[in-house]
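K.L.:
no FASTA, just this:
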């Protein structure tokens, strides 16, 4: 009988990541369990994010696009664990990834040429 929904070990996962992390970087692993047996106790992880993906079997969350602190200082998304029962049950956890700023933008002058006049005293 499928009478237990998957439950995450935490309702909220938090992680800090440098914005320079390359695509494919493993961020964290979410973990859920389901007390049912057989197919009713088997589940997969799902999520919807432009910058991150989750391995449906292991819960490993990785980056899928370059990150930019100046564009978004943090990313928040939900991860769902959905079981294989005929009457599908699921559990949800929130993930918050905070980006660390990296010195990746060189200073720029507002114009290419500056002119100045200095009077000689004497």
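P.N.:
Sure thing, it's come through. Quick caveat, the model's predicted, so the values are computed rather than measured.
K.L.:
drop to CA atoms for contacts and neighbour counts, all remaining ones
P.N.:
OK.
K.L.:
Pull the number of nearby residues for residue 71.
P.N.:
Using other C-alpha atoms under 10 Å, residue 71 is surrounded by 7 other residues.
K.L.:
what does residue 83 give?
P.N.:
25.
K.L.:
Do I have it right that it meets residue 56?
P.N.:
No. Applying C-alpha atoms under 8 Å as the test, residue 83 and residue 56 come out as separate, 11.4 Å apart.
K.L.:
Common neighbours of those two, please.
P.N.:
Common neighbours of residue 83 and residue 56 (criterion: C-alpha atoms under 8 Å, 6 or more residues apart in numbering): residue 44.
K.L.:
Can you mark which positions in stretch 25-35 are buried?
P.N.:
26, 27, 28, 30, 31, 32, 33, 34 (16 or more other C-alpha atoms under 10 Å).
K.L.:
In a strand, residue 39, correct?
P.N.:
No. Under DSSP: H, G, I helix; E, B strand; the rest coil, residue 39 sits outside any strand and is assigned helix.
K.L.:
What degree of burial does it show, as a neighbour count?
P.N.:
Neighbour count of residue 39, defined by other C-alpha under 10 Å: 13.
K.L.:
same thing with residue 66?
P.N.:
13.
K.L.:
do you know how far it is from residue 56?
P.N.:
22 Å (C-alpha to C-alpha, to the nearest Å).
K.L.:
swap in residue 71?
P.N.:
For residue 71, the distance to residue 56 (C-alpha to C-alpha) stands at 28 Å.
K.L.:
Just to be sure, residue 92 is in a helix?
P.N.:
No. Counting by three-state DSSP, residue 92 is not part of a helix but strand.
K.L.:
Return the residues in contact with the nearest residue to it once chain neighbours are set aside.
P.N.:
Excluding the flanking residues, the one nearest residue 92 by C-alpha to C-alpha, 6 or more residues apart in numbering is residue 80, at 4.5 Å. By C-alpha under 8 Å, 6+ apart, residue 80 lies in contact with 45, 46, 47, 90, 91, 92, 93.
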